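*Asks:* generate coordinates for the sequence data below:
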Amino acid sequence: MEIRRNLPRLTRWLHIYISMLSFAVVFFFAITGLTLNHAERFSGQMRVREKKGRVDKRWTNAQDTLKIAKLEVVEALRRDNGITAPLRDLRIDDAQLGISFKGPGYEADVFVNRETGEYDLTETSGGLVGIINDLHKGRDTGTAGSVFVDVSAILLALVSLTGLLLLLFLRKKRVSGLLVAAFGLILSWLIYAIWIM
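*Replies:* Prediction:
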């Protein structure tokens with residue numbers, strides 16, 4: 001009996017504070033949903049920079065690929081080009097090294113000639129919109145970004161569920177609220193079935 005009496009109060013408390021805790025998350029995902037859906041309008045922020053350079057060929061032209069100084073090459077590329085994104089991939093073949101750095105809204109691809117140490121760098125930056133779009137998708141954000149997306153999804157699910165549960169305690173609004181929720185569900189399905197499928 002005590003639980004039944006306190007459940008509406010607890011539900012209301014949870015709904016209010018989870019909503020406020022996740023307010024920034026909901027706002028962030030709403031804005032980035034628009035920027036992702038209308039990417040062509042924000043593509044002007046995309047910048048591509050190409051650059052040539054050279055690393056010490058003693059680091060790259062060893063016959064035995066195990067003796068290639070990968071760390072030295074990567075750190076020289078970072079230092080000389082201001083690259084701060086995490087190293088995503090380093091490939092070695094007979095003629096060149098392929099090195100990729102990726103972070104939210106940013107990627108740099110470098111091809112190093114193993115014989116001469118000369119390299120070509122292509123750096124792509126999406127600006128602020130590129131960063132927030134990648135954060136929305138959890139792309140190139142590492143473990144922290146993935147956890148952020150998961151926690152955000154859980155918070156949004158809790159806000160929805162506590163809101164629905166709270167509605168069940170409001171006798172005067174229960175039927176109309178459930179009808180509106182059912183209408184929203186049916187409308188979403190119809191939009192998908194008619195215009196998307």
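
*Asks:* low-confidence ranges, this protein, go.
*Replies:* Applying pLDDT under 70 to the chain flags residues 1, 43-44.

*Asks:* which residue ranges of it form helices?
*Replies:* Using DSSP state H, the helices of the chain run over 2-21, 23-37, 70-81, 127-137, 142-168, 171-191.

*Asks:* need the winner for burial among those helices.
*Replies:* With neighbours taken as mean count of other C-beta atoms under 10 Å, those reach their highest mean count in helix 127-137, at a mean of 18. From N, CA and C alone the C-beta is placed, and that goes for glycine too.

*Asks:* quick one on the thing from earlier: okay if I get the helices of the chain as JSON lines plus distance to Leu87?
*Replies:* Formatted as JSON lines, the helices of the chain follow (distance: least, C-beta to C-beta, whole Å):
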{"stretch": "helix 2-21", "distance to Leu87": "34"}
{"stretch": "helix 23-37", "distance to Leu87": "26"}
{"stretch": "helix 70-81", "distance to Leu87": "6"}
{"stretch": "helix 127-137", "distance to Leu87": "17"}
{"stretch": "helix 142-168", "distance to Leu87": "12"}
{"stretch": "helix 171-191", "distance to Leu87": "42"}
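
*Asks:* so for Leu121, which of the ones you listed sits nearest?
*Replies:* helix 70-81 (6.1 Å; C-beta to C-beta).

*Asks:* dump the closest one to CSV, keeping only the CA atoms.
*Replies:* This file holds the C-alpha atoms of helix 70-81, laid out as CSV (Å, rounded to 0.1, in the frame of the first residue of the first chain):
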residue,chain,number,x,y,z
LYS,A,70,56.5,3.4,-37.2
LEU,A,71,56.4,5.4,-34.0
GLU,A,72,59.0,7.9,-35.2
VAL,A,73,57.1,8.4,-38.6
VAL,A,74,53.7,8.9,-36.8
GLU,A,75,55.1,11.4,-34.3
ALA,A,76,57.0,13.3,-37.0
LEU,A,77,53.7,13.5,-39.0
ARG,A,78,51.9,14.8,-36.0
ARG,A,79,54.5,17.3,-35.1
ASP,A,80,55.0,18.7,-38.6
ASN,A,81,51.3,18.9,-39.5
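
*Asks:* packing partners of that helix?
*Replies:* With contacts defined as 3 or more C-beta pairs under 8 Å, 6 or more residues apart in numbering; DSSP states H and E, helix 70-81 has these neighbours: strand 47-54, strand 87-92, strand 96-103, strand 106-113, strand 118-125.

*Asks:* which residues are in contact with that helix?
*Replies:* Contact with helix 70-81 is made by 51, 53, 55-56, 59-60, 83-84, 87, 90, 97, 99, 108, 110, 112, 119, 121, 123, as judged by C-beta atoms under 8 Å, 6 or more residues apart in numbering.
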